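Chemist: please find the sequence and the predicted model below.
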Amino acid sequence: MKVNSRIVVLACLVVVVCLPSIGSPKGQADLQPVSSMIGRWDLTVQGPEGEYPSWIEIERSGPRSLIGRYVGQFGSARPVSKVEFEHGKIRFSVPPQFEDRKIDVDVEGHMDGDVLRGDLTGDNGERLLWEARRAPKLSREAPKSWGSPIPLFNGRDLAGWKPRNSNRKNGWLVRDGILVNAEPAIDLVSERKFNDFKLNAEFRFPSDSNSGLYLRGRYEVQIEDSFGQETDSHRFGGVYGYLTPSLNAAKPAGQWQLLEITLIGRQITVILNSERIIDRQTIPGITGGALDSSEADPGPIMIQGDHGIVEFRAVTVTPAIVD
């Protein structure tokens with residue numbers, strides 16, 4: 001059968017036009033909106049009980065696919081295996097983690113100038129509005145000098161501290177010179193805020209207990225009974241869901257433990273019981289349970305107090321001196 005060459009040419013042109021092409025000028029124009037979404041974003045979500053912070057990361061996986069990570073109100077960073085992009089909007093879903101829900105978290109967003117806006121599904125299926133701003137890089141040089149150490153706990157009372165929520169029961173008290181959450185119920189927040197600093201904390205906890213130290217109120221260094229276990233970002237000394245300690249330096253429950261933390265911008269070093277377990281690693285974003293997502297701002301030290309019992313005999317911060 002003789003084939004009309006003009007028909008063949010026209011058919012080929014139709015196929016080329018219909019296929020998406022990342023390499024073509026048209027394909028580049030179509031993908032321009034998603035290019036502006038690539039990166040890390042600090043979210044503020046309008047929840048049913050008020051605002052809460054969240055975080056997402058969007059990145060390329062090869063020339064045609066998008067993947068990411070998501071941090072909700074609670075829990076740790078969750079991988080996003082596929083981020084859909086269509087008609088200027090991104091969409092992805094993650095399964096429940098620690099939330100009291102049975103449905104996935106469905107997230108949708110679009111660019112509005114320099115702001116990323118969208119909505120997500122709440123615990124009961126309602127749509128919650130959110131807006132996000134690009135997370136700051138926080139790239140800073142190590143300070144040339146440090147200030148004087150500031151004891152945040154005076155060994156007598158709760159001066160300099162406040163409960164995270166004044167409407168909830170505060171189980172924190174001072175007993176025999178020790179700061180303890182005798183009835184785990186709420187987090188404890190320092191009244192002073194800090195930018196770059198060194199933090200020394202001495203504490204102990206009973207078997208199977210769980211707590212954490214939030215740096216600037218946003219990045220949790222996990223405190224947990226993890227003696228003898230494999231290292232994990234969710235266990236003792238890890239930056240929750242992000243950074244895994246290089247070794248397990250935990251002592252058995254009931255013994256006094258010492259955390260020495262240096263935070264400069266996003267760069268963190270963690271020394272647990274005289275062992276360097278995280279060395280100048282970068283914290284990607286906020287962890288679940290953070291006070292806010294305003295990463296460029298100074299923030300307080302927060303002790304997690306709604307999980308398990310923990311006792312502190314010293315909490316000291318040495319701030320960096322800014323030239």
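Modeler: In hand now; what should we look at?

Chemist: where does the prediction get shaky in the stretch 1-150 of the chain?
Modeler: Residues of the stretch 1-150 of the chain meeting the criterion pLDDT under 70: 1-33.

Chemist: what ranges do the strands span in it?
Modeler: Secondary structure of the stretch 1-150 of the chain (DSSP state E, counting those that start in this stretch): strands at 39-47, 50-61, 65-71, 78-80, 84-86, 89-94, 105-112, 115-121, 127-134, 150-151.

Chemist: list of residues touching the shortest one?
Modeler: It refers to strand 150-151. For strand 150-151, contacts defined as CB atoms under 8 Å, 6 or more residues apart in numbering pick out R192, A314, V315, T316, V317, T318, P319. The way it works is simple: take the backbone N, C-alpha and C, and place the C-beta from them, glycine included.

Chemist: need the buried ones from those selected in PyMOL.
Modeler: Buried residues among the contacts of strand 150-151 (16 or more other CB atoms under 10 Å), as a PyMOL selection:
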select buried, resi 314+315+316+317+318+319
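
Chemist: how about CSV for the strands of the stretch 1-150 of the chain, with mean neighbour count and distance to P252 added?
Modeler: Converted to CSV, the strands of the stretch 1-150 of the chain look like this (neighbours: other CB atoms under 10 Å; distance: least, CB to CB, whole Å):
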stretch, mean neighbour count, distance to P252
strand 39-47, 20, 38
strand 50-61, 19, 34
strand 65-71, 21, 31
strand 78-80, 16, 31
strand 84-86, 12, 48
strand 89-94, 19, 36
strand 105-112, 18, 37
strand 115-121, 18, 41
strand 127-134, 16, 42
strand 150-151, 14, 27
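
Chemist: which one of the ones you listed lies closest to V180?
Modeler: strand 150-151 (17.1 Å; CB to CB).

Chemist: the closest one pairs with which strands, and in what direction?
Modeler: Using DSSP bridges, strand 150-151 pairs in its sheet with strand 311-319 (antiparallel).

Chemist: which residues of the stretch 151-300 of the chain score low on pLDDT?
Modeler: For the stretch 151-300 of the chain, no stretch is flagged by pLDDT under 70.

Chemist: can you give me the strands for it?
Modeler: Under DSSP E, counting those that start in this stretch, the stretch 151-300 of the chain gives strands at 161-163, 172-175, 178-181, 188-194, 197-204, 210-215, 219-224, 257-264, 267-272, 275-282, 299-303.

Chemist: any chance of a markdown table for the strands of the stretch 1-150 of the chain, columns distance to K198?
Modeler: As requested, those are exported to a markdown table (distance: least, CB to CB, whole Å):
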| stretch | distance to K198 |
| --- | --- |
| strand 39-47 | 25 |
| strand 50-61 | 25 |
| strand 65-71 | 26 |
| strand 78-80 | 31 |
| strand 84-86 | 42 |
| strand 89-94 | 35 |
| strand 105-112 | 36 |
| strand 115-121 | 34 |
| strand 127-134 | 28 |
| strand 150-151 | 10 |
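
Chemist: quick one, which of these is nearest to Y242?
Modeler: The nearest among the strands of the stretch 1-150 of the chain, by CB to CB, is strand 65-71 at 9.2 Å.
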